[in-house]
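> After the sequence you'll find the predicted model.
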Amino acid sequence: LCCGTSTESPPLQCVLTGRWTNDLGSNMTIGALNGKGEFTGSYHTAVTATTNEIQLSPLQGSQHNTNKKSQPTFGFTVNWSFSDSITVFTGQCFTDKDGKEVLKTMWLLRSRVDNIRSDWKATRIGTNIFTRLNLKE
């Protein structure tokens with residue numbers, strides 16, 4: 001009854017590397033992390049505020065790597081290939097009790113405006129939940 005026996009197992013490892021999809025149908029691929037926790041990848045959005053044709057866009061970011069935590073925090077930037085805007089995401093990678101990985105994120109989208117008087121409308125904020133994209137073989 002005492003002394004360090006726990007019915008709770010430690011959380012499973014949550015790994016950023018791989019393919020992900022979010023609640024809006026956007027897909028992203030995150031490459032392998034380097035020794036500093038940095039990564040690159042690509043993002044294909046399903047939604048846009050422009051009338052331009054959507055194109056695959058590069059992303060780069062980093063994972064907080066201290067102590068090799070099993071549910072790490074991270075951030076990345078998407079430099080949109082088809083518009084004069086950029087989005088920064090920040091979030092945490094979680095693993096639920098069934099081992100399913102989820103990325104909970106918040107983002108800021110900065111659109112280019114023509115002058116400082118339009119600055120007030122240039123930044124949007126939102127949230128996305130990403131789940132691992134399992135491709136059927």
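Good, I have the coordinates. Numbering: from 1, shown residues only.

> pLDDT at the residue nearest to residue 41 when sequence neighbours are not counted, what is it?
Setting aside the residues directly before and after it, residue 41 is nearest to residue 30 in space (C-beta to C-beta, 6 or more residues apart in numbering), at 4.2 Å. Where C-beta positions appear, they are placed from N, C-alpha and C, glycine not excepted. The per-residue pLDDT reported for residue 30 equals 97.

> and if you look at residue 107?
Taking residue 107 on its own, its pLDDT is 98.

> quick one: contacts for it?
87, 88, 89, 90, 125, 126, 127, 128 (C-beta atoms under 8 Å, 6 or more residues apart in numbering).

> Check the burial of the residue nearest to residue 41 by counting its neighbours.
The burial count assigned to residue 30 is 24, neighbours taken as other C-beta atoms under 10 Å.

> before we move on, what about the one 4 residues further on?
Counted by other C-beta under 10 Å, the residues lying close to residue 34 total 11.

> In three-state terms, label it for me.
coil (DSSP: H, G, I helix; E, B strand; the rest coil).

> List the beta-bridge partners for residue 20.
residue 28, residue 132 (DSSP bridges).

> ok, it - contacts?
27, 28, 29, 30, 103, 130, 131, 132, 133.

> next one: residue 81
Contacts of residue 81 by C-beta under 8 Å, 6+ apart are 55, 56, 57, 58.

> among the residues you listed, which ones are buried?
Buried subset of those (neighbour count, 16 or more other C-beta atoms under 10 Å): residue 57.

> quick revisit: output the contacts of residue 107 as JSON lines; include the columns distance to residue 113.
Shown next, in JSON lines, are the contacts of residue 107 (distance: C-beta to C-beta, whole Å):
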{"residue": "87", "distance to residue 113": "16"}
{"residue": "88", "distance to residue 113": "17"}
{"residue": "89", "distance to residue 113": "21"}
{"residue": "90", "distance to residue 113": "23"}
{"residue": "125", "distance to residue 113": "16"}
{"residue": "126", "distance to residue 113": "19"}
{"residue": "127", "distance to residue 113": "24"}
{"residue": "128", "distance to residue 113": "24"}
